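# sequence and predicted structure below; questions after.
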Amino acid sequence: MIRVRYLPALLLGLVMAATVPPAAAQSPADWYEIEIIVFRQPEPTGANAELHPVDPPPPEASQVVSLRQPGAGGIPYEMLGPDDLKLAGVYERLEQSERYEPLLHIGWRQPGLGESAAASVAIPPEWQPWSQTQRPPLHGLVRFHKERYLHLAVDLRYQLPAVAADEPDLAFDEAMTDIVTPTYVHQQSRRLRTGELHYLDHPTLGVLVEVRQVDGN
């Protein structure tokens, strides 16, 4: 049975309804599949509301890689194809929910490298962190490494589209202006176990992640 850690009650119900028992354990190997879902959830209001930065610093890392397309030949940081994504049912449940808005579902394979050797994965795959002129609404870095335990760190940004609003104090063509929206920042690291679905909590930008050990390439 899949064990799900630290999920809110409503989200737990959606996830458990969509998950199925995993396949039999594979032989030990130092390769892993990392699968993540990023979703937006209702932002707290009133006394529980949080302030979000307008222009936070971009995610940075000493080593960054872009994911390769599926079928690249079993090389590190190759994306999982649609048939290899095990959390499709969870994503569909989030899509059907009126409370949650799924933003990203992606997975890849990589070796279990140590902290000093593991690279950060650029999310989404087409985003180039060194090009600060093009930032998708959701972008960031995800880093998986293995020491004594398995570790995952996320450094994500999500900005809602700017909206136009009337400004009564302005006249003529200046009556419409863009309102700069805040950016949600999710920075968190977590120690993981293979085969468990983990929830990385955030007031607005939630992350579900599962790491699975696979046969070495």
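Happy to help now that I have it. Residues are numbered from 1 along each chain as shown.

# outside of the helix or strand harbouring residue 108, which residues touch it?
Element membership for residue 108 (DSSP states H and E) is strand 101-111. Applying C-beta atoms under 8 Å, 6 or more residues apart in numbering, the contact partners of strand 101-111 are 30-41, 67, 74, 76-80, 84-85, 87-88, 91, 94-95, 118, 121, 123-125, 138, 144, 158, 214, 216-217. (C-beta placed from N, C-alpha, C; glycine too.)

# wait, a strand at residue 93?
No: counting by DSSP: H, G, I helix; E, B strand; the rest coil, residue 93 is not found in a strand; it is helix.

# separation between it and residue 33?
Here the distance between residue 93 and residue 33 works out to 21 Å (C-beta to C-beta, to the nearest Å).

# picking that back up, in the strand holding residue 108, what's buried?
102-111 (16 or more other C-beta atoms under 10 Å).

# looking at those, which is nearest residue 209?
residue 107 (9.6 Å; C-beta to C-beta).

# now go through the contacts of strand 101-111 and say which are in helices.
Judged by DSSP state H, those include 88, 91, 94-95 as members of helices.

# what segments of the protein are strands?
Assigned by DSSP state E, the strands in the chain fall at 3-5, 31-40, 64-65, 78-79, 101-111, 120-123, 138-146, 150-159, 163-166, 176-179, 183-192, 196-200, 205-214.

# among those, which comes closest to residue 56?
With C-beta to C-beta as the criterion, residue 56 lies closest to strand 183-192 of the strands of the chain, at 5.2 Å.
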